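Asks: Pasted the sequence and its predicted model underneath.
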Amino acid sequence: QVQLVESGGGLVQAGGSLRLSCAASGSIFSINDMAWYRQAPGKQRDLVATITSMSSTNYADSVKGRFTISRDNAKNTVYLQMDSLKPEDTAVYYCNAPRVVLTSRSVVNSWGQGTQVTVSS
């Protein structure tokens, strides 16, 4: 019904930048909030940033001032610009749309498959 596909992960040196993208496709009527999470090996999945349909944003304290979340509603796509990356940012990054309204008017919580970000020191 809904697919979220992330891209843009990879290996970068500390201090570098990456830009993640997450494109939603399927029988979508509307998407409300969207978010990025991350999960490091052996750790729980943590919220990184959220953005509302009106582009109001919130960030985890650990990424404030370094990461920027944005979205293109026409493309059903959310982005995460990550600057000044640190080794502790290494994780699998997941895109989430907790409330996707389908054309059938059903509502689903959708997750992407994740993209690996590795920051070397």
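Replies: Yep, it's here. Numbers count the residues shown, from 1 in each chain.
Asks: From the chain's centroid, how far away is the longest strand along the chain?
Replies: Longest strand in the chain by number of residues (criterion: DSSP state E): strand 91-102. Its chain's C-alpha centre and that of strand 91-102 lie 7 Å apart, by CA atoms, centre = their mean, to the nearest Å.
Asks: Spatially nearest residue to residue 47 (excluding sequence neighbours)?
Replies: residue 37 (5.6 Å; CB to CB, 6 or more residues apart in numbering). Using the backbone N, CA and C atoms, a C-beta is placed for each residue, glycine as well.
Asks: repeat for residue 81
Replies: Leaving aside its sequence neighbours, residue 81 sits nearest to residue 68 (CB to CB, 6+ apart; 4.4 Å).
Asks: Test my guess that the one you found contacts residue 84.
Replies: No: judged on CB atoms under 8 Å, residue 68 makes no contact with residue 84 at a distance of 11.4 Å.
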